[in-house]
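Undergrad: Attaching a predicted model along with its sequence, questions to come.
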Amino acid sequence: MNVLKRILAGFFLMVSLAVYAGAPGNDPLNTNYKTTRVIKDDFSYVVDSIKEAIGDRGIKINGVNHIGKMLHRTAAAVGATKDIYKYGQAYNFCSSTLSRATMEADPHNIAFCPYIITIYELTDEPGKIYITYRKPLVVGNAASKKALKAIGDLLDGIVNDATQ
């Protein structure tokens, strides 16, 4: 009987691990909170494509964060010796229409604005460009969920247009 219990326990452990490994949130690049697209291209070209895809929707970029440069610049101050990014930039923007709909549905949805698309190239992976963004949580009442889903669709559309 003891042997049967061990066999069953091992079986259930293997099934549990298989289910966990295949769950959508366990992909390190695409999770329930972010989406990442990886393409082989020139960093500057990808940046221009993202900026154009945002502008094509009548949206103005509010700001650019030069994350890669900041980490390089501050490395010595924090005792770091490794450059993580060859390039790393984040573009933040909002759609006045979608943001208004989201915040009219729930004023506390202000936390979802601005939207940010990050483009980066790892020092250890030249020529491989990552485009990533946080997925807005589709939460709240029906109007909030609808508006937040629309923001996710907007971000998907921008990245899709920029990478085709």
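TA: Cool, got the structure. Numbering: from 1, shown residues only.

Undergrad: what residue ranges in this structure score low on pLDDT?
TA: By pLDDT under 70, the weakly predicted segments of the chain are 1-27.

Undergrad: ok, now with 50
TA: Within the chain, the ranges that satisfy pLDDT under 50 run 4, 7-25.

Undergrad: Would you map the helices across it?
TA: For the chain, the helices defined by DSSP state H cover 2-22, 43-55, 67-74, 96-105, 142-162.

Undergrad: The ones you listed: which one's closest to Asn30?
TA: helix 142-162 (11.7 Å; Cβ to Cβ). Glycine gets a C-beta too; all of them are placed from N, C-alpha and C.

Undergrad: Just the buried positions in that closest one, please.
TA: Ser144, Lys145, Ala147, Leu148, Ala150, Ile151, Gly152, Leu154, Leu155, Ile158, Val159, Ala162 (16 or more other Cβ atoms under 10 Å).

Undergrad: can you check stretch 56-69 too?
TA: Ile59, Ile67, Gly68.

Undergrad: so can I have JSON lines of the residues you listed showing distance to Tyr91?
TA: As requested, the buried residues of stretch 56-69 are exported to JSON lines (distance: Cβ to Cβ, whole Å):
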{"residue": "Ile59", "distance to Tyr91": "10"}
{"residue": "Ile67", "distance to Tyr91": "11"}
{"residue": "Gly68", "distance to Tyr91": "13"}
